[in-house]
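Chemist: Based on what follows, work out the 3D shape:
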Amino acid sequence: MFEYCTDPETLDGLRWLSCYLTTGKHINFYWSFVTVLVLLFITAPTALAFGFLGAMSARAQVAPVRWLGQAYISVVRGVPDIAFFLFFVIALDQGFEWMRHQAFCPDWTDPIRQGNDFLVCPDAKLPLSSSPQWVHEVYGFFLAVLTFAIVFGAFAANVMFGAMRAVPRAQMETAEAYGMTHRQTFWRVLVPQMWMYALPGLGNLWMILIKATPLLFLLGVEDIVYWARELGGTINPRFTDYPHGDWRLWYFLALLVFYLAFTRVSEILIERLNKRLRHGQAIVGAGA
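Modeler: Purely as a prediction, here's the structure:
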């Protein structure tokens, strides 16, 4: 904040606007954009890893592993995202605390579940009550990333499972005829060609993931939607405030521009990657 911002009532015009846009709440608003981007660039590869493991499990020759992979895909895809987010974050948090409770407090005799309350020993709390605020924020962000990755990993698994089945069987048989093992055929033939079929679906999934980031607010993370609502609402005039009317329209318009620009850049990059993967490849039903 600038030196002349001490008394908002004495300001007008650009000086007022410069002070208003550099308040502590606005700095948090700007940082929330970084939070969203960090979430996306951590969640995307994590969800891809979950999806790849899920797709491998769904096509495994061992029946229990195959059933587990298919159940993961079916259950997560069949539950509405909002319901899953609201349930799973609580379940994850309580699951972690239960495991810590069993490890750190074996002599605890009181029941953990007491009506609607979930009570563990103080040493098992996550994070500890004595932890600084940034630890609480990082832990909440970690739960959000893990929840997003599990949800979108199920959709990615379904896409990659279909992509694996789309690779022509003749190529697999040719590789086996040359003496490749099942493992070599999977990693050297199936996986490299699978990405050509999976990329369109994964690209759509990336777009959906971008649009799902406002759900961070439901997970307790102060994201860009939270701050846009807070800053855009009418601020009552006080000595230390910069009063204004209902500006939510302009704040949400800024979010609209941000998401449109981000998705457009993503579309361009996905299209370039798609052309690179398909270069020199003849795919049934698609151009070379």
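
Chemist: so where do the helices sit in the stretch 51-200 of the chain?
Modeler: Ranges of helices within the stretch 51-200 of the chain are 63-78, 81-104, 133-166, 169-177, 182-185, 191-212, based on DSSP state H, counting those that start in this stretch.

Chemist: Identify the residues contacting the residue nearest the centre of the chain.
Modeler: Centroid-nearest residue in the chain, with Cα atoms, centre = their mean: residue 148, separated by 3.9 Å. Going by Cβ atoms under 8 Å, 6 or more residues apart in numbering, residue 148 touches 39, 43, 47, 209, 212. For the C-beta atoms, the positions are set from N, CA and C on the backbone; glycine is no exception.

Chemist: same thing but 6 Å
Modeler: Residue 148 makes contact with residue 43, according to Cβ atoms under 6 Å, 6 or more residues apart in numbering.

Chemist: Okay, it and residue 68: tell me how far apart.
Modeler: Separation of residue 148 from residue 68 (Cβ to Cβ, to the nearest Å) stands at 21 Å.

Chemist: sorry, back to before: got the helices of the stretch 51-200 of the chain as TSV, with mean pLDDT and distance to residue 249 columns?
Modeler: As requested, the helices of the stretch 51-200 of the chain are exported to TSV (pLDDT from 0 to 100; distance: least, Cβ to Cβ, whole Å):
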stretch	mean pLDDT	distance to residue 249
helix 63-78	91	35
helix 81-104	83	25
helix 133-166	88	28
helix 169-177	84	55
helix 182-185	85	57
helix 191-212	90	20
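
Chemist: Compare those and give me the one nearest residue 252.
Modeler: With Cβ to Cβ, the closest approach to residue 252 among the helices of the stretch 51-200 of the chain belongs to helix 191-212: 14.2 Å.

Chemist: Could you give the separation of that closest one from the chain centroid?
Modeler: 15 Å (Cα atoms, centre = their mean, to the nearest Å).

Chemist: Would you mind writing the CA trace of the helix or strand following that helix as PDB?
Modeler: Reading on from helix 191-212 to the C-terminus, the next helix or strand found by DSSP states H and E is helix 224-232. The C-alpha trace of helix 224-232 is given here as PDB (Å, rounded to 0.1, in the frame of the first residue of the first chain):
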ATOM      1  CA  ILE A 224     -10.600 -16.800  -6.700                       C
ATOM      2  CA  VAL A 225     -14.400 -17.300  -6.600                       C
ATOM      3  CA  TYR A 226     -14.300 -16.800  -2.800                       C
ATOM      4  CA  TRP A 227     -12.300 -13.600  -3.000                       C
ATOM      5  CA  ALA A 228     -14.400 -12.300  -6.000                       C
ATOM      6  CA  ARG A 229     -17.500 -12.700  -4.000                       C
ATOM      7  CA  GLU A 230     -15.900 -11.100  -0.900                       C
ATOM      8  CA  LEU A 231     -14.400  -8.100  -2.600                       C
ATOM      9  CA  GLY A 232     -17.300  -7.500  -5.100                       C
END
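
Chemist: mean confidence score for helix 224-232?
Modeler: What helix 224-232 shows for mean pLDDT is 86.

Chemist: Return the set of buried residues in that helix.
Modeler: Residues 224-228, 231-232 are the ones in helix 224-232 that count as buried (16 or more other Cβ atoms under 10 Å).
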